[in-house]
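Trainee: I would like to see how this sequence folds:
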Amino acid sequence: MKVAIMQPYVFPYLGYFQLIQAVDTFVFYDDVNFIKKGFINRNSILVNGKAHQFTIPCSAVSQNKLIKNVPLHFDEKLRAKFIKTLHQAYKEAPFFETIFPLMEPFFNKRTYNSISDMAIDSVLLMSNYLGLDKNWVISSQTHKESQHLKKENRILAIAKKENASTYINPIGGMSLYSKAFFENQGIHLYFLQSEPIAYKQFKNEFVPWLSILDVVMFNSKEDIQTMLTTYKLI
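Mentor: Below you'll find the model as predicted:
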């Protein structure tokens with residue numbers, strides 16, 4: 001059983017979905033502290049040939065709050081503004097007519113209680129579109145008993161409860177997690193490193209590592225399936 005554990009991000013970059021592709025069980029790590037100026041509630045899309053950062057507004061933001069407890073402040077006016085920006089940015093993209101109709105109902109949904117709810121829903125929406133059928137787990141619902149543990153010990157506890165034989169983490173975790181620590185508990189640890197990927201974005205010079213929204217606007221499902229496996233495990 002291959003397992004990954006990751007904070008929920010709103011429409012994250014392609015590498016996030018490569019991590020999903022690589023595992024059987026994906027755990028949304030929503031009961032850890034919110035990261036200000038991180039990727040939980042922000043990413044970038046292509047506007048006029050350049051990376052344009054978007055932010056999903058939240059209220060009472062604090063790094064002392066758990067992600068699942070950070071409420072949205074994304075009112076109807078702000079949602080309409082974002083949808084308009086998305087429309088103007090990608091209306092000439094080859095897969096706009098397929099993707100944009102998925103976005104309007106998503107951003108007009110009013111039942112999200114927190115940024116965590118919205119972020120998880122965005123990942124599930126895109127995963128469903130891309131055919132990524134996984135065992136989805138939310139840490140705050142399934143792993144409450146290990147919440148008192150810190151860092152590597154919490155990750156290990158979750159992985160063991162999910163019957164992981166292999167735990168896969170983004171490459172950025174190489175300085176945080178020890179292979180020996182996991183191996184001693186009977187779990188293989190690998191780090192996923194994305195390989196360079198480029199695709200046509202109108203007539204502009206390619207701008208890499210934008211939100212998955214950019215990827216699906218410009219590429220077919222078949223081409224994205226290839227991109228999802230363009231990585232190596234270290």
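Trainee: now the helices: where do they sit in the protein?
Mentor: For the chain, applying DSSP state H gives helices covering 14-21, 76-90, 96-107, 115-130, 139-142, 151-161, 179-183, 212-218, 221-228.
Trainee: what helices or strands is the first one leaning on?
Mentor: What it means is helix 14-21. The helices and strands touching helix 14-21, judged by 3 or more C-beta pairs under 8 Å, 6 or more residues apart in numbering; DSSP states H and E, are strand 2-6, helix 115-130, strand 166-170, strand 188-194, helix 212-218, helix 221-228. The C-beta positions use only the backbone N, C-alpha and C, and glycine is treated the same way.
Trainee: swap in 10 Å and give it another go.
Mentor: For helix 14-21, the helices and strands in contact under the criterion 3 or more C-beta pairs under 10 Å, 6 or more residues apart in numbering; DSSP states H and E are strand 2-6, strand 25-28, helix 115-130, strand 166-170, strand 188-194, helix 212-218, helix 221-228, strand 231-233.
Trainee: so where's this protein uncertain?
Mentor: 110 (pLDDT under 70).
Trainee: how about the spatially most distant residue from the centre of the chain, what does it touch?
Mentor: Distance from the centre of the chain peaks at Asn184, with 29.4 Å (C-alpha atoms, centre = their mean). Residues counted as contacts of Asn184 (C-beta atoms under 10 Å, 6 or more residues apart in numbering) are 156, 178.
Trainee: hang on, the earlier thing: can I get the helices and strands packed on helix 14-21 in JSON lines with distance to Ala60 and mean neighbour count?
Mentor: Formatted as JSON lines, the helices and strands packed on helix 14-21 follow (distance: least, C-beta to C-beta, whole Å; neighbours: other C-beta atoms under 10 Å):
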{"stretch": "strand 2-6", "distance to Ala60": "24", "mean neighbour count": "22"}
{"stretch": "strand 25-28", "distance to Ala60": "21", "mean neighbour count": "23"}
{"stretch": "helix 115-130", "distance to Ala60": "11", "mean neighbour count": "20"}
{"stretch": "strand 166-170", "distance to Ala60": "28", "mean neighbour count": "21"}
{"stretch": "strand 188-194", "distance to Ala60": "33", "mean neighbour count": "18"}
{"stretch": "helix 212-218", "distance to Ala60": "27", "mean neighbour count": "24"}
{"stretch": "helix 221-228", "distance to Ala60": "36", "mean neighbour count": "15"}
{"stretch": "strand 231-233", "distance to Ala60": "37", "mean neighbour count": "14"}
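Trainee: nearest to Arg154, of these?
Mentor: With C-beta to C-beta as the criterion, Arg154 lies closest to strand 2-6 of the helices and strands packed on helix 14-21, at 8.8 Å.
Trainee: just the C-alpha atoms of the closest one, please, in PDB.
Mentor: C-alpha atoms of strand 2-6 as PDB (Å, rounded to 0.1, in the frame of the first residue of the first chain):
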ATOM      1  CA  LYS A   2       1.500   3.300  -1.100                       C
ATOM      2  CA  VAL A   3       0.400   6.400   0.900                       C
ATOM      3  CA  ALA A   4       1.000  10.100   0.600                       C
ATOM      4  CA  ILE A   5       0.100  12.800   3.200                       C
ATOM      5  CA  MET A   6      -0.300  16.400   2.200                       C
END
